[in-house]
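Asker: sequence first, predicted model second:
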Amino acid sequence: MADGTLWILVGNASRARLFATDAKAEGDWLLVEEFQHDESRAKAFALLNQPDNPNAGTLHGPPVENEPNGRKELEHDRFARELSEFLDKGHDRHAFDKLVIAAPPEFLGRLRRVLSTRVKQRVLLDVDADYSNLPARELPNRVPVL
């Protein structure tokens, strides 16, 4: 494993930032990666009118994206899976020992559902809050890591 590396994921359904610090949280937080998912910020109407819809249809009933906010929810799920895949790759590279996640409750739930078991075992703490718009220098004061 990485020598006591802590990753901190701070985000919401449309953007996230991943930071790293030592597991004792005594060092500065270093930005590892920034993520944007523009479709999650788009209006539901705009998503419905996209001609190339990779999420069209389901096996059981009408297409979810035709329901109110259905396509938006699909995009939120897609972003959660994207973040989960990045965390899996980080785990496989032994890039972190522990993980802290700060996200609003609804997106945190989506993310928890798609995290792999091996990443879930590294989660030290979940914080139910949206700090995605805070400047990086303020995050260590808001996100408890010890």
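Answerer: Yep, it's here.
Asker: and Ala25, what pLDDT?
Answerer: pLDDT for Ala25: 59.
Asker: then Lys72?
Answerer: Value for Lys72, per-residue pLDDT: 76.
Asker: how many neighbours does it have?
Answerer: Neighbour count of Lys72, defined by other CB atoms under 10 Å: 21. In short, each C-beta sits where N, CA and C put it, glycine included.
Asker: could you look up the SS state of it?
Answerer: helix (DSSP: H, G, I helix; E, B strand; the rest coil).
Asker: state the number of residues packed around Glu34.
Answerer: Neighbour count of Glu34, defined by other CB under 10 Å: 10.
Asker: what bridges to it?
Answerer: Arg17 (DSSP bridges).
Asker: that one and Phe19: what is the separation?
Answerer: 10 Å (CB to CB, to the nearest Å).
Asker: same question, Leu124
Answerer: Taking CB to CB as the measure, Leu124 and Phe19 are separated by 14 Å.
Asker: so these two - more neighbours on which side?
Answerer: For Leu124 versus Phe19, neighbours defined as other CB under 10 Å are more numerous around Phe19 (21 against 16).
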